[in-house]
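Trainee: coords below, sequence missing:
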């Protein structure tokens, strides 16, 4: 067994937790019980899309629900125009 | 529950009027005060009508302290029929993504489609977390209790540890609480039942694991 496998398996509960949050955020929204967070997410994405084309696959979101406040983190990767043939890359926009 | 050979009439017979409720109730051979009403083994559950189920539950109410409707797993018509007339609900979930997700949807239905919700009352809901493995949860290999509670946001009734005893008892046609009452899952189910009755029972995950100390003692005694 590779060390990476071992590491990956150890963190599977965190992955499960995040998957659930994403799944439920969509379902709770669709189920006629709209939450503020998914609406915000859509609006933020729409606002960014007005100015920069964003690949939906490059959008990672994470929600932490607390008793007093919920935290929405959106990581959006926006491709940067090529300045130099060798200089490729992407800008990561991090909202928190 | 091991009563399969004793079923003559089932819930569908009663709902459709081809048998009386008293004919369909099967007295459990192990517990005098427990009666079983079988769901149909063969016929389609779609032949159950909402009015029929309501009538049966109304007839059962005065005779029993508790009427437990075991809902089919998942989010289907059977589940909504079982929950429709409930006073309180015990949501049973495993620490798995699909199970927690379905539970979330069931909780949504409990709060919107049940009679109690339609009367504007609050449905009492509790979570029973089954097949829980404390060690794997601690290692981060399994959703932990807090993860599930944070997502579902309903009070915890009990945690049933993953155990071979459950399948063994089920194979034998027994509830684990009767087949092996001292096993960890049996103790956990008993504690959960006492909490449901309003007793204050501390919430711990019972374990079958022998401590090093008891192992040493056991070895010395043997």
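Mentor: Right, received. Where do you want to start? What you see is a predicted model; the values in this text were computed from it and never measured.
Trainee: lowest average confidence, helix or strand, in the chain?
Mentor: Just so you know, I chose chain A. Ranked by mean pLDDT, DSSP states H and E, the weakest helix or strand in chain A is helix A:3-10, scoring a mean of 53.
Trainee: repeat for chain B
Mentor: Least confident helix or strand, chain B: helix B:212-221 with a mean of 56, by mean pLDDT, DSSP H and E.
Trainee: quick one: mean pLDDT over the biggest strand by length in chain A.
Mentor: Assignment by DSSP state E gives strand A:70-79 as the longest strand of chain A. Predicted confidence along strand A:70-79 averages 75 (mean pLDDT).
Trainee: excluding chain neighbours, what is closest to residue B:36?
Mentor: residue B:26 (4.6 Å; CB to CB, 6 or more residues apart in numbering or on different chains). (C-beta placed from N, C-alpha, C; glycine too.)
Trainee: tally of neighbours for the one you found?
Mentor: When neighbours are defined as other CB atoms under 10 Å in any protein chain shown, residue B:26 has 18 of them.
Trainee: could you do residue A:58 as well?
Mentor: So residue A:58, with other CB under 10 Å, has 14 neighbours.
Trainee: same check on residue B:149?
Mentor: With other CB under 10 Å as criterion, residue B:149 counts 14.
Trainee: wait, doesn't it sit right on residue B:127?
Mentor: Yes - Residue B:149 is in contact with residue B:127 according to CB atoms under 8 Å; the separation is 7.1 Å.
Trainee: shared neighbours, the two?
Mentor: Shared contacts of residue B:149 and residue B:127, defined by CB atoms under 8 Å, 6 or more residues apart in numbering or on different chains, comprise residue B:156.
Trainee: what pairs with the closest residue to residue A:60 other than its chain neighbours across the strands?
Mentor: Nearest non-adjacent residue to residue A:60, counting by CB to CB, 6+ apart: residue A:75, 4.4 Å away. Beta-bridge partners recorded for residue A:75 (DSSP bridges): residue A:60, residue A:94.
Trainee: identify the residues contacting whatever helix or strand residue B:82 lives in?
Mentor: Using DSSP states H and E, residue B:82 maps to helix B:77-84. Applying CB under 8 Å, 6+ apart, the contact partners of helix B:77-84 are B:45-46, B:48, B:50, B:53-54, B:69-73, B:89, B:106, B:109-110, B:113-115.
Trainee: 7 Å instead?
Mentor: Residues outside helix B:77-84 that contact it (CB atoms under 7 Å, 6 or more residues apart in numbering or on different chains): B:45-46, B:48, B:50, B:53, B:69, B:71-72, B:89, B:106, B:109-110, B:113-115.
Trainee: starting at the chain centroid, how far to stretch B:44-60?
Mentor: Put simply, stretch B:44-60 sits 20 Å off its chain's centre (CA atoms, centre = their mean, to the nearest Å).
Trainee: for that stretch, buried residues please.
Mentor: Buried residues in stretch B:44-60, counted by 16 or more other CB atoms under 10 Å in any protein chain shown: B:48, B:52, B:53, B:56, B:60.
Trainee: pLDDT value on residue 31, please?
Mentor: If you meant another chain, say so; for now it's chain A. Value listed for residue A:31 in the pLDDT field: 49.
Trainee: actually it's chain B I care about, not the one you picked
Mentor: Predicted confidence (pLDDT) at residue B:31: the value is 93.
Trainee: where along chain B do the helices fall?
Mentor: Per DSSP state H, chain B carries helices over the ranges B:11-16, B:21-24, B:50-60, B:77-84, B:97-110, B:115-118, B:134-139, B:145-152, B:164-172, B:176-179, B:184-196, B:212-221.
Trainee: the second one packs against which elements?
Mentor: In other words, helix B:21-24. Applying 3 or more CB pairs under 7 Å, 6 or more residues apart in numbering or on different chains; DSSP states H and E, we find helix B:21-24 packed against helix B:11-16.
Trainee: swap the cut-off to 8 Å and go again
Mentor: The helices and strands touching helix B:21-24, judged by 3 or more CB pairs under 8 Å, 6 or more residues apart in numbering or on different chains; DSSP states H and E, are helix B:11-16, helix B:50-60.
Trainee: so for chain A, which of the ones you listed sits nearest?
Mentor: Nearest of those to chain A, taken as CB to the nearest CB: helix B:50-60 at 21.6 Å.
Trainee: list the contacts of that closest one.
Mentor: Contacts for helix B:50-60 (CB under 8 Å, 6+ apart): B:11, B:14, B:15, B:16, B:21, B:37, B:67, B:69, B:81, B:82, B:84, B:85.
Trainee: need the residues you listed in TSV (columns: pLDDT and distance to residue B:30).
Mentor: TSV is the format used below for the contacts of helix B:50-60 (pLDDT from 0 to 100; distance: CB to CB, whole Å):
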residue	pLDDT	distance to residue B:30
B:11	91	22
B:14	92	24
B:15	90	27
B:16	88	30
B:21	94	22
B:37	94	17
B:67	95	19
B:69	92	21
B:81	87	28
B:82	88	24
B:84	91	30
B:85	92	27
